[in-house]
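*Asks:* coords below, sequence missing:
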């Protein structure tokens, strides 16, 4: 536990040498002249490839040293490894996914570009020309002909079953789409989304959008068409001149999940489709919501919304699964039916260099929700879980979520990431069932069984195994190092002028991780934690693990260290966080 705490402290405090995605060691240079924040922009990667592939460039690979007294004239480029210069270079230098060392006595007359590495400078070095350094690796590879090409970015699994067609008339653009709902579950089967998206841009700074989607539930069992058909209609008006802001609204009839974990929608869908294991619970909601937002800076966004929902319980149906199709699906829990008036306020700080595979930056999300109801129909629960909420009017509850993530790149191949997640009830009446939380399973505590911590009291039995905790608090820490595997086969290119597509695993991350978490009921009774405290560390659950993440799929072994749980084997289709 001490190691986990120290690692979280080091990562989340973000020391000065790890806050930027670029490190330039130059005691005489002004930081604003040399530091470029974030991952390499596409135009920089294109420039790097063009420079390296230029017939006038002298290309090198691996570790190369130009000793003291040597002299080189012309364009010089290196791919992978380290370029150590102690002599004189008259011309521009580019280093791709490597490190450039300017040793004592070195002299460079020309521009320096380093992408995917660092520029390390000794004293008594002379350089005439601009410097650009991007620490994050360039998405490139070196072919058999010695030239660099852009690495192909594979499509996500969720994008495979999607079809779109767009056409434009003047300032109007229409897109027709047909896709899966990004998941598969025991309520809807495979939800199919279809409908048009209309966009209107009267001027370069104003955009109006209307997105109307029908939802066809392929596992519906009722003869009532409305139970097999849903819809989501979104409209928004966006202004991007100066500070970006906008207004919008949603009109919907949809099936929503109770918790956003333990798996993403796509991963939970694949688990349900293949193995008949649905790791989420659901309820139906119909209503209307209005919102407004301000994008104060490129990384800071504020949003507020207000709406009225009709929320009701739904039963699990019996959709088909590829394996274990003869098993029974887990029962879907009952919720506290009723009409809810919901107000939310959310703030997001996102400085990550990449949304899907970040290596540097922060993601801090905080969301406050206030919900009221005059006709709540509560599920019967033991008094230790919650007192019976008022049913004749006056029900009100407050919930707060804080999700803070820090991504740090210590070297081009070594990354450390940490996360703190807090979610649950903070005031008013106790949360309805559809807003309660739990821990345990593939996402936050993979060393434990699914919903190992639901806060259900001893003797309470519900086949649906619902989430019943008032609050959860969890931390995650992981260390990643890049491995070159080259396990596979590269298809020959028809023209023979560039490498063909690689089938297999080129590179992967070796991941070491540790997690800790606790879910609890807040109160002053037996089995509860006072509302102004968090549980002591001795009551928390801890696990450790190791895995291999190829980007498209990851395989992990996780072991709990706070009880006798056996080692768990976990497969993920995306990053852990």
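*Replies:* Yep, it's here. Treat the numbers as computed from the prediction; the structure is a model and nothing was measured. Numbering: from 1, shown residues only.
*Asks:* For the rest of this, base every contact and every neighbour count on C-alpha atoms.
*Replies:* Fine.
*Asks:* Report pLDDT for residue 20.
*Replies:* Predicted confidence (pLDDT) for residue 20: 31.
*Asks:* Need the nearest residue in space to residue 213, chain neighbours excluded.
*Replies:* residue 195 (4.6 Å; C-alpha to C-alpha, 6 or more residues apart in numbering).
*Asks:* so what's the one you found up against?
*Replies:* 176-178, 211-214 (C-alpha atoms under 8 Å, 6 or more residues apart in numbering).
*Asks:* Could you do residue 91 as well?
*Replies:* 73-76, 108-111.
*Asks:* Turn these into CSV, columns for neighbour count.
*Replies:* Output for these, formatted as CSV (neighbours: other C-alpha atoms under 10 Å):
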residue, neighbour count
73, 13
74, 13
75, 21
76, 21
108, 24
109, 17
110, 18
111, 17
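*Asks:* Show me those that map onto strands.
*Replies:* Using DSSP state E, 73, 75-76, 108-109 are the members of those that sit in strands.
*Asks:* which one of the residues you listed is nearest residue 373?
*Replies:* For the ones in strands among the contacts of residue 91, the minimum distance to residue 373 (C-alpha to C-alpha) is 69.4 Å, reached by residue 76.
*Asks:* quick one, strands of the stretch 451-577 of the chain?
*Replies:* Here the stretch 451-577 of the chain has its strands, by DSSP state E, counting those that start in this stretch, at 471-490, 502-520, 541-549, 554-560, 568-572.
*Asks:* Okay, buried residues for the longest one please.
*Replies:* Which is strand 471-490. 471-482 (16 or more other C-alpha atoms under 10 Å).
*Asks:* quick one: it to strand 502-520, angle?
*Replies:* Relative orientation of strand 471-490 versus strand 502-520 (axes from the mean of the first three to the mean of the last three C-alpha atoms, to 10 degrees): 170 degrees.
*Asks:* Strand 471-490 pairs with which strands?
*Replies:* According to DSSP bridges, strand 471-490 forms sheet pairs with strand 414-428 (antiparallel), strand 502-520 (antiparallel).
*Asks:* quick one: average confidence on the last one?
*Replies:* This means strand 502-520. Mean pLDDT, computed over strand 502-520, is 87.
*Asks:* pLDDT below threshold where in the chain?
*Replies:* Applying pLDDT under 70 to the chain flags residues 1-39, 152-161, 220-226, 488-504.
*Asks:* most distant residue from the middle of it?
*Replies:* Computed with C-alpha atoms, centre = their mean, the residue of the chain farthest from its C-alpha average is residue 69, at 50.1 Å.
*Asks:* what sits against the residue nearest to that residue when sequence neighbours are not counted?
*Replies:* Closest residue to residue 69 apart from its sequence neighbours, by C-alpha to C-alpha, 6+ apart: residue 87 at 5.2 Å. Taking C-alpha under 8 Å, 6+ apart, we find residue 87 in contact with 66-71, 105-107.
*Asks:* Wait, residue 58 touches residue 73, no?
*Replies:* No. Counting by C-alpha atoms under 8 Å, residue 58 does not reach residue 73; the two are 9.8 Å apart.
*Asks:* Show the secondary-structure elements that the helix or strand hosting residue 231 is packed against.
*Replies:* Using DSSP states H and E, residue 231 sits in strand 229-239. With contacts taken as 3 or more C-alpha pairs under 8 Å, 6 or more residues apart in numbering; DSSP states H and E, strand 229-239 sits against strand 206-217, strand 244-257.
*Asks:* Same list (those) but as JSON lines, adding mean neighbour count.
*Replies:* As requested, the helices and strands packed on strand 229-239 are arranged in JSON lines below (neighbours: other C-alpha under 10 Å):
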{"stretch": "strand 206-217", "mean neighbour count": "20"}
{"stretch": "strand 244-257", "mean neighbour count": "19"}
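*Asks:* Can I get those in a markdown table including distance to residue 406?
*Replies:* Formatted as a markdown table, the helices and strands packed on strand 229-239 follow (distance: least, C-alpha to C-alpha, whole Å):
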| stretch | distance to residue 406 |
| --- | --- |
| strand 206-217 | 33 |
| strand 244-257 | 25 |
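*Asks:* looking at those, which is closest to residue 535?
*Replies:* Per C-alpha to C-alpha, nearest to residue 535 of the helices and strands packed on strand 229-239: strand 244-257, 27.3 Å.
*Asks:* Touching the helix or strand following the closest one from outside, list them.
*Replies:* Next helix or strand after strand 244-257 toward the C-terminus (DSSP H and E): helix 265-275. Contacts with helix 265-275, where a contact means C-alpha under 8 Å, 6+ apart, come from 158, 182-186, 277-280, 320-325, 572-573.
*Asks:* Among the contacts of residue 195, give me the pair with the biggest separation.
*Replies:* Most distant of the contacts of residue 195, by C-alpha to C-alpha, are 178 and 211, 12.8 Å apart.
*Asks:* Which strands border the strand holding residue 231, and is each parallel or antiparallel?
*Replies:* Strands adjacent to strand 229-239 in the sheet, as given by DSSP bridges, are strand 206-217 (antiparallel), strand 244-257 (antiparallel).
*Asks:* for it, which positions count as buried?
*Replies:* Under the neighbour-count criterion of 16+ other C-alpha under 10 Å, strand 229-239 has 229-239 buried.
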